[in-house]
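Could you work out the structure for the sequence below:
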Amino acid sequence: MTRAEEIIRQRIRDRGRITFAEFMELALYGPGGYYTSRTPIGRRGDYYTSPSAHPMFGALLALQLEQLWRLLDAPSRFVVVEPGAGDGRLALDVLAYARRLDAAFARALEYVAVDRFPRPGPGGPAANFSGGPGGPAARISWLRGECTPLRELTGCVLSNELVDSMPVHRVAMTGGRLRELYVTLADGSLAEEAGEPSTPEIAEMLGSQGVRLEEGWQAEVGLGARRWMEGVAASLRRGYVLTIDYGDPAERLYTEARKAGTVMSYYQHTPQADVLARVGLQDMTAHVNFTTLVQAGRKRGLEPVALMDQGSFLRNLGAGLFIDRQRREPLPQAETQANLMAMRDLVKPGGLGAFRVLLQAKDAPVAGLACVDESPSDQEAWRRRLESLPVPMLTPEHLDLLAARYPHQAGTQERW
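As a prediction, the model looks like this:
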């Protein structure tokens, strides 16, 4: 039995059944929890992310951040806060590509990485920076926590695959009544049982979003995500919030197709239906309710600008052009194939390209945003700009998806 499970069992024995949100918090973030004791990303982990797949992700985000800086009239201090920064991989890629862009933007850019449990890595707080004191990693400021205690910021709060790991309450419609699913002990094993909702906030949130659960349906309610977004909005004086994750707005999330809910665990890159198993050893996620994030943001002055899939977001920023140019790079075939596979993976429908991107703005202009692709003339100018910039390339710190999936074709050692 893992330490995390021992703690959860003792909590139940001491206090009685606990909400699924409390169980998820302890299983992921408590002593011996998944994120406190494991390296989740890579071959020996349970999943990989867009920043770990290819630096094109960070490069295109750097270009979008530069445009946001310009829309704010090029302030001398532009702060990017990344909650859930992990090992700093995305921060490194953004800062490295920012050096290729407007020199004034690169000087103005201040990157604050935030994580409850920062992981060792090339951009982590304890990294051995090979780039020297002036390298990208040396320009990352680290804070420990869920978001940031900073206030009155001008800039952008950027998160990638963070909200899906926030604890959720599980509910079910039984006998025409909304019931909450609790975690308890039954015959010596962890099990679920239904009871009255632990807080009226659950029904209030569902009602505010026009959600109607049918008999027998199960679902999740992310009260923590709402509080988190309110905190994010409060940290900004002027600027933007970019939230990248998988999920849907409420009207597409609470449907017949998802009547069993969306909570899922992952163990060694394989989905696991039993979320009460391998406590502390497997990841646990739930689809993000983007309606919750929009509503919470509006309460604190954030207005939604766009909600789109990651594939469209990256293509509008120039992913297709980078992919076309990559084909023409004078590189060994295996290296070209490795880069192309990873770059395509970022925009692939049904894969990473199906993730959602929510853009919100607070007291900030939004006309002409490249990621929204509204103006053909603006897009042509954007394309000409990208033609003058270098194509981002895989580094040894990124995952080699080609080597991992097709080692006989890669001709290189795996870098997972």
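
Not counting its neighbours along the chain, what's nearest residue 176?
residue 215 (6.8 Å; Cβ to Cβ, 6 or more residues apart in numbering). (C-beta placed from N, C-alpha, C; glycine too.)

show me what contacts the residue lying closest to residue 348 once chain neighbours are set aside?
Leaving aside its chain neighbours, residue 348 sits nearest to residue 311 (6.9 Å; criterion: Cβ to Cβ, 6+ apart). For residue 311, the contact set (Cβ atoms under 8 Å, 6 or more residues apart in numbering) comprises 346, 347, 348, 349, 353, 354.

can you pick the most crowded of the residues you listed?
Among these, residue 346 has the most neighbours (other Cβ atoms under 10 Å), with 25 neighbours.

what's in contact with the helix or strand hosting that residue?
Assigned by DSSP states H and E, residue 346 belongs to helix 333-347. Contact partners of helix 333-347, identified using Cβ under 8 Å, 6+ apart, comprise 50, 53-54, 56-57, 310-311, 314-315, 319-320, 322-323, 326-327, 329, 331, 351-353, 393-394, 398-403, 405, 409-412.

And for residue 49, the neighbour number?
Applying other Cβ under 10 Å, we find 19 other residues in the vicinity of residue 49.

got the contact list for residue 208?
Here residue 208 is in contact with residue 295 (Cβ under 8 Å, 6+ apart).

Quick check, residue 373 in contact with residue 383.
No. The pair residue 373 / residue 383 is not scored as a contact, 11.2 Å apart, by Cβ atoms under 8 Å.

Looking at the two, which has the bigger crowd around it?
Neighbours per residue (other Cβ under 10 Å) separate residue 373 from residue 383, with residue 373 holding more: 17 against 13.

sec struct for that one, please.
Of the three states, residue 373 takes coil under DSSP: H, G, I helix; E, B strand; the rest coil.

What pLDDT is listed against it?
Residue 373 is assigned a pLDDT of 77 by the prediction.

Going forward, count from 634.
Sure thing, new numbering starts at 634, so read that last one as residue 1006.

Now the element after the helix or strand that contains the residue nearest to residue 981, going C-ward?
Here residue 944, judged by DSSP H and E, is contained in helix 943-950. Using DSSP H and E, the helix or strand that directly follows helix 943-950 along the chain is helix 952-960.

Give the buried residues for that following helix.
Going by neighbour count (16 or more other Cβ atoms under 10 Å), the buried part of helix 952-960 is 952, 954, 955, 956, 959.

And stretch 803-815, by the same measure?
Going by 16+ other Cβ under 10 Å, stretch 803-815 has these buried residues: 803, 804, 805, 806, 811, 812, 813, 814, 815.

farthest pair in those?
Within the buried residues of stretch 803-815, 806 and 815 form the most distant pair, 15.9 Å apart (Cβ to Cβ).

Sounds good, over and out.
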